[in-house]
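1. Quick one: sequence and predicted model below, then my questions.
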Amino acid sequence: MKRKREQEGAGMSHAVMDDFDVFLNHRGPDVKATFVAHLEEALRCAGFRPFLDARSQIKGNPALKSIDQALDVANVHVAVVSKRYAESKYCLTELVAIMRSGKPVIPVFYDVEPVDLRWVEDGPFAEAFEKHKSRGRTESTDTKLQEWRDALQALSEITGFRSADYKRDEALLKRDVVNEVSRLTPSNQPVEVEQFRVGLDGSVNRCIQILEDIGAGPGMLGLVGMGGIGKTTLAREIYNHFVALRRFKHMTFLEIHRDSSTSNVEVRPTQSMDLRKQLLWDLLSVPDNSSKSNYSSWFRKLSTLGPVFIAVDDVHKLGQFEELIPFTSVLHPDSRLIVTSRDRGVLNHVAGKSKLNHHVFDVCPLDWNEANELFNWHAFQARKAVKGYEGVAKDVVRACSGVPLALKVVGSSLFDKQLDGDEETIWQEAVIELRKNTDVMGVLRWSYDNLPESEKHMFLDITCLFLGRSREEAFAYWGSCKNCMSCGGVPVPYISLRNLINKNLVMSIEDHGLRDGFKVHDLLKELGQEIGMKTKRHFVNGRDAEAIVTKNQGSENTMGLNLAESKIQVFETENFTNMPHLHYLQLPRGCKVNGDFRSISRDLRLLRWQAMPFTHIPTGLNLFLLTELDFSHSTSLAKLWTKSNNSLEVCINRHGHLRLLYPFSLT
């Protein structure tokens, strides 16, 4: 019985959210019958659900509770400040809550100026504040008055709308406010899906039905399968189905990426923070409140929402899920989650620990007809193989074992190859080699082996060095290596990148509009890093990179060395002498390096040495070819380059402790 009452109470709380997404803060006698009434109507016509006053109250709920709940759940607040606004203690108290919420607020200065809100003691609001004071001076009253002043001051500093600018054209003012609400209101957008949808409909329909029938309370659908089998593709299709259905007002798709610099499967702190920020923005419209100290508090506010839909892609262990979803008790009973993983045990652990109703769905290889069709689309840009290719195409498909990633990559690698001359040999060799490789990694390795040398170099650079970095950094690096004899170079980087994208080995992405970068499938990343290590070209795994230095296992072929995860804090320059052509060096944060820096490669292009302990640039360190230098978090340097003859991209200290000149060079 107790549990039943708790659920009923939760239902009342959740019901509020479904009714309101815009809160209209205003003083009724001034503007309710005129501007605000028209604004409310315009918002409703635009598809919003504004909270205005008693007409918006939830029947059966105490009035004050409904207002507080509406304040809490609204995505956007509109504060209409009129001449007598400050006479209402309710308006001022609401404004304090609005400013503390961290959510977007749109000020409308109606017959007042922003400056009037900054000087409440001698402006239009002076009389109102005097009346508030006269009602009794106590410590709590003084505190409240100061909170009101601070809230008005903060509101005045936000760019809003002045009615004076519209010359009494309230229709235009109303339109502009609605447009701004639309701009600030997050909307569920579909995520990117595969160009060729093959073999998906049946699985999508079954998974949707599972989510519908999963039972009372928040439900979780787990998608399990080997790497490259299509878990992410299926999750994206299901997510987009519910976006189109508009059943869930709040949705988010979170993608976990394996750390490219360590051997474990932990989420990097920065990635975890980015994902938490994304969740808070997508579900609560909170732009940046994701620090670990208050993330749980913000997450609890999901209790004010209706059903939410959360997808978490590529969970490797329980801790990753809990970093993002610390508890599920706050979720509306009709909420749904999708979690993908290669490990069934992880999914069962997640569901058990979070006490979610759940179902685990096995993502299986494509059947014979589906595999043929997917391969044909990528190899021939058609549903069926071109005449003359049918037999050899089927042999290739058979070797890919119905794994979508392998079919895509191999098909793209063979695209536009004609069955004549040398190209015929390529298809025949492909069949022979693919038959030898019974696992997916072997199939993907064949695609790598058939790349031109410059594209091989670029693929290894991306998978080992530039995942999580901007394209600008990577192209500066490749640009400096166009004529480099030691590394082989990438003479035409833009063309090479386009070729890798066309071959489905690399994806070019926009990182939420902040920075463009690169993305590759986890299996391809593992392949690139394994090849980089075996060829001794790049070492990015913490233990392997450490062994290269301590055991002098580097070579003239070693170009990239990432020691960021090393526990060693003191190195000798002689540790680097057997890597004379090193291009990329990342040292552990705050480590010390002793010895003659002339022993370190003169071919360095990128040097990342955060919290470098010296107060000067180490003597003998040749940085003439640098394209990026990262001494962030270091102490102030006493001496820097003073002459400018070599342009240098500089990653400056984000805390301002390091002063760098740009451009600069060593003389």
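-> Perfect, I can see it now. Please read these numbers as outputs of a predicted model, since none were measured by experiment.
2. Any stretches of the protein with poor pLDDT?
-> Scanning the chain for pLDDT under 70 picks out 1-19, 54-66, 136-139, 186, 258-270, 287-293, 417-425, 435-438, 508-516, 635-667.
3. List the buried residues for stretch 104-117?
-> Neighbour-count burial for stretch 104-117 flags Pro104, Val105, Ile106, Pro107, Val108, Phe109, Tyr110, Asp111, Val112, Pro114, Asp116, Leu117 (criterion: 16 or more other Cβ atoms under 10 Å). (C-beta placed from N, C-alpha, C; glycine too.)
4. Excluding sequence neighbours, find me the nearest residue to the fourth one.
-> Leaving out its chain neighbours, the residue that sits closest to Pro107 by Cβ to Cβ, 6 or more residues apart in numbering is Gly160, at 3.2 Å.
5. any idea how far Gly28 is from the one you found?
-> Per Cβ to Cβ, to the nearest Å, Gly160 is found 20 Å from Gly28.
6. Pick out whichever of these two has more residues nearby.
-> The residue with more neighbours, out of Gly160 and Gly28 and counting by other Cβ atoms under 10 Å, is Gly160; that gives 19 against 16.
7. Domain-wise, how is the chain divided?
-> Using automatic domain parsing, the domain ranges for the chain come out as 2-184, 201-362, 368-450, 536-667.
8. Of all these, which one is nearest Leu523?
-> With distances scored as Cβ to Cβ, the stretch of those nearest to Leu523 is domain 201-362 (4.5 Å).
9. Okay, now the closest one: how far is its last residue from its first?
-> Taking Cα to Cα, to the nearest Å, the first and last residues of domain 201-362 lie 15 Å apart.
10. on that earlier part again, for the residue nearest to Pro107, what are phi and psi?
-> The phi and psi values for Gly160, taken as degrees, to the nearest 10, are phi -140, psi -150.
11. how near is it to Trp119?
-> Counting by Cβ to Cβ, the gap from Gly160 to Trp119 is 18 Å.
12. likewise Leu587?
-> 54 Å.
13. neighbour count winner among those two?
-> More crowded of Leu587 and Trp119, by other Cβ under 10 Å: Leu587, with 24 against 15.
14. ok, longest helix in this structure?
-> helix 139-156 (DSSP state H).
15. Against which helices or strands is that helix packed?
-> Using 3 or more Cβ pairs under 8 Å, 6 or more residues apart in numbering; DSSP states H and E, the elements in contact with helix 139-156 are strand 76-81, helix 89-101, strand 105-109, helix 114-118, helix 126-134.
16. do you know which of those lies nearest Asn552?
-> Counting by Cβ to Cβ, Asn552 lies closest to helix 89-101 out of the helices and strands packed on helix 139-156; the figure is 58.0 Å.
17. Against the centre of the protein, work out the most remote residue.
-> Distance from the C-alpha centroid of the chain peaks at Ser134, with 52.0 Å (Cα atoms, centre = their mean).
18. so what's Thr304 closest to, chain neighbours aside?
-> Closest residue in space to Thr304, ignoring its immediate chain neighbours: Val73 at 4.5 Å, by Cβ to Cβ, 6+ apart.
19. what is the orientation angle of the longest helix of the chain with helix 89-101?
-> 60 degrees (axes from the mean of the first three to the mean of the last three Cα atoms, to 10 degrees).
20. For Gly402, see how far away Cys364 is.
-> In terms of Cβ to Cβ, Cys364 sits 8 Å off from Gly402.
21. Neighbour count for these two, which is higher?
-> Between Cys364 and Gly402, counted using other Cβ under 10 Å, Gly402 has the larger neighbour count: 20 against 13.
22. what residues are up against that one?
-> Going by Cβ atoms under 8 Å, 6 or more residues apart in numbering, Gly402 touches Cys364, Pro365, Leu366, Asp367, Trp368, Glu370, Ala371.
23. With distance to Val490 as new columns, can the buried residues of stretch 104-117 be given to me in CSV?
-> Output for the buried residues of stretch 104-117, formatted as CSV (distance: Cβ to Cβ, whole Å):
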residue, distance to Val490
Pro104, 44
Val105, 49
Ile106, 48
Pro107, 51
Val108, 54
Phe109, 56
Tyr110, 60
Asp111, 63
Val112, 60
Pro114, 53
Asp116, 60
Leu117, 57
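24. of all these, which two lie farthest apart?
-> Across those, no pair lies farther apart than Pro104 and Asp111, at 23.5 Å, counting by Cβ to Cβ.
25. I'd guessed Ile568 sits against Ile548; true?
-> No - judged on Cβ atoms under 8 Å, Ile568 makes no contact with Ile548 at a distance of 11.9 Å.
26. neighbour-wise, which of those two wins?
-> Ile548 (23 against 13).
27. Look up phi and psi at that one.
-> phi -60, psi -40.
28. Glu255 now?
-> phi -110, psi 120.
29. give me the number of residues near Arg187?
-> Arg isn't right for residue 187; it's Ser. 12.
30. re the thing from before, distance of the residue farthest from the centre of the chain from Ser634?
-> Distance of Ser134 to Ser634, computed by Cβ to Cβ: 58 Å.
31. can you tell which of the domains of the chain is closest to Ala476?
-> Comparing the domains of the chain against Ala476 with Cβ to Cβ, the closest turns out to be domain 536-667 (4.1 Å).
32. roughly how far is the closest one from the heart of the chain?
-> With Cα atoms, centre = their mean, to the nearest Å as the basis, domain 536-667 stands 29 Å off its chain's centre.
33. related to what we said a few turns ago, which single one of the buried residues of stretch 104-117 is nearest to Asn376?
-> Proximity of the buried residues of stretch 104-117 to Asn376 was ranked by Cβ to Cβ; the top entry is Pro104 with 48.4 Å.
34. dump the residue contacts of the nearest residue to the closest one once chain neighbours are set aside.
-> Closest residue to Pro104 apart from its sequence neighbours, by Cβ to Cβ, 6+ apart: Leu184 at 4.1 Å. Contact analysis of Leu184 by Cβ under 8 Å, 6+ apart lists Asn75, Val76, Pro104, Ile106, Ser285.
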